[in-house]
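S.K.: sequence first, then the predicted structure:
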Amino acid sequence: MLNGERLTGTGRSKLTAALALAFLGAVTSVSGTSAQSAVPKPGASVFTTDIAPILQAKCEACHRAGSSAPMSLRTYEETRPWARSIKARVSRREMPPWHIDKTVGIQHFKNDISLSDQQIEKIVSWIDAGAPRGDPNDMPPAREWGNGEQWNIGEPDLVVMSPKRVVPAHGPDWWGDLEVDPQLTEDRWIQAIETKPVGVARRVVHHAGTTLIQPDGARESLSEFAVGKYGDIYPEGAGRLLRAGSKISFGVHFHSVGEELPVVIEVGYKLYPRGYVPKHKVTEVNVGVINGHLFDDLDIPANSVTRHEAFAKLEKAARIISYQPHMHIRGKAMTMDAIYPNGQAQTLSSVDRFDFNWHVAYVYDDDYAPLLPAGTILHTVGIHDNTAANRLNPDPNQWVGFGNRTFDDMLQCHVLLYYMDDAEYQQQVAERQAKKKSQTTQNQ
Ligand code: HEC
């Protein structure tokens, strides 16, 4: 391998590294040994003062021992062998996994883990300059991560465990649903939810979502664990109803890591006090097949890139909390627009590099969450790439349609929102405008 580049055993990483190398073809390479002793130019970036703080803030959540990323990036020694791969992944915005198109729509999210343009530039120029270490005495103090067992939402009032599964040392990735009846005897309102694998399970759980199966059989997706996710805390006065008799289904994606490991996943709920009914009920609107628009229509011919649309009309005014595109391995991009009652349309958000391996819900900042008047139509456009250019595509010569299997496809946009009446909508819009105005005057 070039320059001490480490390749891990899976086909996927090899492929990725091969792409990374192709991408780097035109770039002057950095030799492993000479780089160790590279003398930084005055003012140039060095690991200890410039790069380590970025890795602590944006990478260590996943890239540390016991977490699911393939390597730790906590020290210079750990990071240096990966310089070439880091440059490729970071400059293509594949790492950290945040797939929002930065050129369109709202850019303010509570869970934004992406790098700024300046941070990308800093990392790339540091690697181009030979990845110098800098003075070891300048290393920032190590970031404390705890043991991963603590709840980010605070101590839950209710914890539900998944059935135990054993993930074999070697084998293909496993997707499936594990259902549990937590024997709930009363209706309660949820204030915050967090899903997390227990102990060693963190190493093999790529993602795990929970779905609430209401007593009448209705299914609503509830919460998701994906590496680097910290749980969902609903806006103040907003919640979701957990009905007596509901069941919880854990939808999981396991990934073997060369060692047989037992897996249990738990979901913790913080509940509003008994008898308290929050002002707003958080609801999931699924723009896609669920509305019946696409069920028969998802038509992805062999060797083609397709575009499909879905619509959902909001009968009442609404505030959007988060947006999560859902497609399978041919999924490439998804845009969510609002078509206002006056006919004007606006792109709210767009994911331009959808990656089936990551299920990210993009949670809007409170001051930027879309406020939509009654009668607005949510419009999503999904792009599927069924050509050989899609590196996850197992067979570009197959026609693909709707289905639950990974190799079938979907187009759904899971939108979490709450409805409100027109008076409250007007009030929220006015408050937002007043806040913006006072911020602008302060900045003058
Ligand atoms: C949310 C978790 C998460 C965050 C945050 C994250 N990574 Fe990753 N990273 C992963 C996982 C999981 C993989 C392995 C799967 C893959 O390649 O996509 C990976 C793979 C990589 C690889 C490819 C390794 C190889 O095989 O060549 C590089 C390089 C990388 N990450 C760098 C970074 C850097 C640099 C940051 C911060 C700027 C970062 N990552 C942030 C989870 C994360």
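M.R.: Done, it's in.

S.K.: where does pLDDT dip in the stretch 301-444 of the chain?
M.R.: 442-444 (pLDDT under 70).

S.K.: all helices for it, in order.
M.R.: Applying DSSP state H, counting those that start in this stretch to the stretch 301-444 of the chain gives helices spanning 422-443.

S.K.: and the residue nearest the centre of the protein?
M.R.: By C-alpha atoms, centre = their mean, the mean C-alpha position of the chain lies nearest to V360, the distance being 2.0 Å.

S.K.: show me the contacts for it.
M.R.: 97-99, 111, 226, 324 (C-beta atoms under 8 Å, 6 or more residues apart in numbering). To be clear about C-beta, it is placed using only N, CA and C from the backbone, and glycine gets the same treatment.

S.K.: for the ligand, tell me which of the residues you listed show up nearby.
M.R.: On the criterion C-beta under 6 Å from any ligand atom, P97 are the entries of the contacts of V360 that sit beside the ligand.

S.K.: now render the contacts of V360 as JSON lines, adding neighbour count and secondary structure.
M.R.: Conversion of these to JSON lines gives the following (neighbours: other C-beta atoms under 10 Å; DSSP: H, G, I helix; E, B strand; the rest coil):
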{"residue": "P97", "neighbour count": "19", "secondary structure": "coil"}
{"residue": "W98", "neighbour count": "21", "secondary structure": "coil"}
{"residue": "H99", "neighbour count": "19", "secondary structure": "coil"}
{"residue": "N111", "neighbour count": "17", "secondary structure": "coil"}
{"residue": "A226", "neighbour count": "20", "secondary structure": "strand"}
{"residue": "Q324", "neighbour count": "21", "secondary structure": "strand"}
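
S.K.: min pLDDT across the contacts of V360, which one?
M.R.: Among these, A226 carries the weakest pLDDT, at 58.

S.K.: domain map for this protein?
M.R.: Here the domain assignment for the chain is 31-138, 158-278, 281-426, based on automatic domain parsing.

S.K.: distance across the second one, terminal residue to terminal residue?
M.R.: Across its full length, domain 158-278 reaches 18 Å between end residues, using C-alpha to C-alpha, to the nearest Å.

S.K.: likewise stretch 59-69?
M.R.: Distance across stretch 59-69, first residue to last, is 10 Å (C-alpha to C-alpha).

S.K.: which other residues reach that stretch?
M.R.: The contact list for stretch 59-69 (C-beta under 8 Å, 6+ apart) reads 55, 71-74, 95-96, 113, 143, 145, 148, 200, 202-206, 227-228, 255.

S.K.: ok, back up a step: which one of the contacts of V360 sits closest to the ligand?
M.R.: Relative to the ligand, the closest of those is P97; by C-beta to the nearest ligand atom it sits at 5.3 Å.
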